[in-house]
Structure formats: C-alpha cells, structure tokens
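In: got a predicted structure here, sequence first:
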Amino acid sequence: MSRGEEMIEMLIGSFISAISTGLGAVPVLFFKELSHKWRFQLV
Amino acid sequence: MEISTGLGAVPVLFFKELSHKWRDILLAYSAGIMMAATSFGLIPQSLSESNMWILVTGVLCGTVLLTILEKVIPHQDVEQVDSFQPNFDAKAKLVILALCFHNIPEGFSVGVSYTSASQDLGNLIALSIGLQNAPEGLIVALFLLGTNVGRLKAVLIATLTGMIEILAGVIGFLLAHSIGFFVGFGLAFAAGAMLFIVYKELIPESHGHGYERVATYGFVFGILTMLYIMNL
C-alpha cells in the first residue's frame, strides 16, 4: 500500500471514528423531553 | 471500518430508555474492546516494530500525558457541572474545550496505528476509539441540552469535539512516517493512552450505580468481540 493510499485509509478511519461522537449524540434529537430524571440517569 | 460507526452508534439509537444500567454496560464493553486492542494489537505490534525500551518509554509517555491532561483539564467536568443553567456560559464552553483536548491523544493513536506494518491495526484502533466515542458523544449532547442549547446544535457541538481527532490523527500519521523509530514509540504511546482511558475513565464510570456485575460481563464480551474481529 502506498503512502497516499495509507493516508486516505487513515483519514477515512479517523473520520468514522470521530463521527461516532456525533452519531452517539443523535438520540437526543428523538427525546420527547429532557427531564431531570433523564439527565441524572445518564450524566 | 463502517463497523466502527455502526457498532458505536447503533446500540444507543435502539435504547428508547437508555438507563444507567445500559450506560454502564456500554462503557464497560468499550473498555473491553480497548483493552483487547491494546493488549493484543498495539503492544505486540509496538514490540515487533521497536524494542522493549521504546515500548516502556512510549507506554509511560502516553499514560503520563493523559495524567497531565486530566490534572490540567479534568475530564469529569461534564458530570460535575450543574448543567441545568439557563445560558451556554463560559463554564460550558470550558467543558467543551476540555473534551476537545481529551480527544487529541485518541485521534493521535488512530493516526499512528495506520502507519504500522500490521495493515489491520489502524482499523482496529479506529474501531475501538470510535466505540467509546459514541457514549461520550451522547453524554456531551445531554449536558449541552441542559444548558439550553438546541438539540441539533448539541449534536453538532458533540460532533465537533470528535472531529478534532481527525486533525490529531493526521499529525500522528505524518510524525510516524517522518521519524523512523516513531512508529514503535507511537504505538506504545497509544497503548499507554488507551490503558489510562480504560482504567481511569471507562471502568470507574461503569461502576458505582449498582450494575458492576453486569458491566463486568460487558467488559468480558468487549474483549471477546475484539478478539473475534482480530481473528476474522
């Protein structure tokens, strides 16, 4: 594998790994309401 | 690599009521994944690409840097700050900044891993870091919602705290390619950083809510999952 190909694979891997942070946050879009109960259950 | 995103994000999408129990299991599972990736991926590969001294130096540097980062910018801020405040104040911004800093060693680890002679190591480390990023992102977003930030904005900010990892990954990748001995050292550094995250952050966060036993099973299944993936 050339360095360029390695770099591209690294960028894709890093991106997917990094975007997981945002994807993990997606469920908050579907919460009907953020109650104190939720907050103290999770954080 | 798509597995990383899938495994990392899908579980939380399906939990209509993500209880503390599941949060503990997920954190412990991520700890198991990272533990196996470190023990059976990073450390043996670092040894094969360098020597024992470089391995020891790298692991200690990774652990010490994380210790310093934690002392300067405490990672527990999200849990300690009373997030139900009306404004997205300076303290909240500081918490976000702290999370960005904490993601730098993680991104660096991913970048260095892709320079290893072992072709799969980069993907394995990206997978394990990605998995523990998902619950972290959810916690950050919940914290932001409590500071009156809109839902979409909360998700975007959580995403941005993760995106710093790409920049750190590029730096790690270029450094490892520029300096010959750096690959072995970098892999060991990543191992030290990951061991710190596992033992100092993930395991303690998965304890103390009464679900230690089931979280332990999560940890063991995390190790087995990574072993299975490594032997595919």
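Out: Sure thing, it's come through. Numbering: from 1, shown residues only, chains lettered A, B, ... in the order given.

In: low pLDDT regions in chain A?
Out: Scanning chain A for pLDDT under 70 picks out the ranges A:31-43.

In: show me where chain A has its helices.
Out: According to DSSP state H, chain A carries its helices in the segments A:3-25, A:36-42.

In: can you count the residues close to B:W53?
Out: Counted with other Cβ atoms under 10 Å in any protein chain shown, the neighbours of B:W53 add up to 11. Yep, even glycine has a C-beta here, placed from its N, CA and C like the rest.

In: just the element for it, please.
Out: Here B:W53 sits within helix B:52-72, counting by DSSP states H and E.

In: in that helix, which residues are buried?
Out: Neighbour-count burial for helix B:52-72 flags B:I54, B:L55, B:T57, B:G58, B:V59, B:C61, B:G62, B:T63, B:L65, B:L66, B:L69, B:E70 (criterion: 16 or more other Cβ atoms under 10 Å in any protein chain shown).

In: and it, what does it pack against?
Out: helix B:43-49, helix B:90-113, helix B:182-196 (3 or more Cβ pairs under 8 Å, 6 or more residues apart in numbering or on different chains; DSSP states H and E).

In: pick the most deeply packed of these.
Out: Of all the helices and strands packed on helix B:52-72, helix B:182-196 has the most neighbours on average by mean count of other Cβ atoms under 10 Å in any protein chain shown, namely a mean of 27.

In: does chain A have contacts with that one?
Out: No - Helix B:182-196 does not reach chain A (Cβ under 8 Å from any Cβ of the partner chain); its nearest approach is 11.8 Å.

In: hang on, the earlier thing: want to throw the helices and strands packed on helix B:52-72 into a markdown table with mean pLDDT and distance to A:I12?
Out: Listed next are the helices and strands packed on helix B:52-72 as a markdown table, based on pLDDT from 0 to 100; distance: least, Cβ to Cβ, whole Å:
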| stretch | mean pLDDT | distance to A:I12 |
| --- | --- | --- |
| helix B:43-49 | 90 | 20 |
| helix B:90-113 | 82 | 11 |
| helix B:182-196 | 90 | 18 |
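
In: who wins for proximity to B:G162 among the ones you listed?
Out: B:G162 lies closest to helix B:90-113 among the helices and strands packed on helix B:52-72, at 6.3 Å (Cβ to Cβ).
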